[in-house]
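[1] Whatever this is, show me its structure:
(one chain, ligands or ions: 2)
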Amino acid sequence: MSETSRELIVSKIRNGTVIDHIPAGTALQVLNILGITGREGYRVALVMNVESSKLGRKDIVKVENRELKPEEVNKIALIAPTATINIIRDYRVVRKVKVKLQDVIEGIIKCPNPNCISNLPREPIKPKFRVVSRNPIKLKCVYCGRYITGDDIARQLH
Ligand code: CTP
Ligand code: ZN
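    Ligands and ions are numbered 1, 2, ... in the order given. Have a look, this model is predicted:
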C-alpha cells in the first residue's frame, strides 16, 4: 500500500506518471532531473517523508500529462534506485516498472578528474563508470579510477 493506509495525501491523477518509492528527501532532485519547474502549467504533486512499509519513509512525485524518456529513467535510477515508475491512463496504472541501476553507467555522468581521458577534447571516449556501491551510491571511473559519490552525481543530473 502506497502513501498511508488511511487516506491519500494527494488525489489520484488521471493521466501521467507517478514516481513512487523515492528515497525520503530526494524528490526535489527527481523534479530537477525531469526539468519540471511548475511553470509548465500541468498539475504536479510532491509528497515528502510519508510512511512506507518498504522504505520506512519515502517521497512521491506525481506529474500529469507527462511520460518519462528512457534517459530520464536512467538518471532517476542513479539518485533514487528504489523508485517505481507508474504510468497512469484514465486513472489506472497501465504500466509499473522499477528503475534499474546498471552495473556500468555510460555517457550520463562526467568524470570529475579534468585530466581524465574521457574529458579530453577530440577524444571520442564516452565517460564510463563502474558502480562500486549502491547504497550510498559510489561510482568509479573506468579510465582513471576517480570516484564520484551522491551529491556530486546529483549536481550533474540537472
Ligand atoms: N496513483 C495515482 N493516480 C492514479 C493511480 C495511482 O496517483 N490514478 C498512485 C498511487 O497513489 C500510488 C502509485 O500511483 O502512489 C501506484 O499505484 P498502485 O499501483 O495502485 O499502488 P500500490 O499497489 O500500492 O503500488 P506498489 O505496489 O508499487 O507500492
Ligand atoms: Zn576518469
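
[2] Can you tell me the element D152 falls in?
    Following DSSP states H and E, one finds D152 within helix 150-156.

[3] Same check on K75?
    Using DSSP H and E, K75 falls within helix 70-79.

[4] can you give me how far the helix or strand that that helix is followed by is from the chain middle?
    Once helix 70-79 ends, the next helix or strand along the chain (criterion: DSSP H and E) is strand 84-89. The chain centroid and the centroid of strand 84-89 are separated by 14 Å, computed with Cα atoms, centre = their mean, to the nearest Å.

[5] Could you pull up the mean pLDDT of strand 84-89?
    Strand 84-89 carries an average pLDDT of 98.

[6] and if you look at stretch 100-118?
    The average pLDDT for stretch 100-118 rounds to 95.

[7] and the residue nearest the centre of the chain, what pLDDT?
    Centrality entry for the chain: nearest residue to the mean C-alpha point is I76, 1.6 Å, by Cα atoms, centre = their mean. I76 carries a pLDDT value of 96.

[8] repeat for K12
    Confidence at K12, expressed as pLDDT, is 95.

[9] Number of residues surrounding it?
    K12 has 11 neighbours, counted by other Cβ atoms under 10 Å. (Glycine included, C-beta is placed from N, CA and C.)

[10] for it, helix, strand, or coil?
    coil (DSSP: H, G, I helix; E, B strand; the rest coil).

[11] What residues does it make contact with?
    By Cβ atoms under 8 Å, 6 or more residues apart in numbering, the residues touching K12 are I88, Y91.

[12] how about the helix holding K75: buried residues?
    Residues E72, V73, N74, K75, I76, A77, L78, I79 are the ones in helix 70-79 that count as buried (16 or more other Cβ atoms under 10 Å).

[13] now L101: how far from G16?
    24 Å (Cβ to Cβ, to the nearest Å).

[14] higher neighbour count, these two?
    Ranked by neighbour count (other Cβ under 10 Å), L101 and G16 place G16 first, with 20 against 17.

[15] I figured that one was touching V63, is that so?
    Yes - G16 lies in contact with V63 (Cβ atoms under 8 Å); the separation is 5.1 Å.

[16] where do the contact lists of those two overlap?
    Counting by Cβ under 8 Å, 6+ apart, the residues touching both G16 and V63 are Y42.

[17] where does this structure have low pLDDT?
    Confidence mapping of the chain against pLDDT under 70 gives the ranges 1-7.
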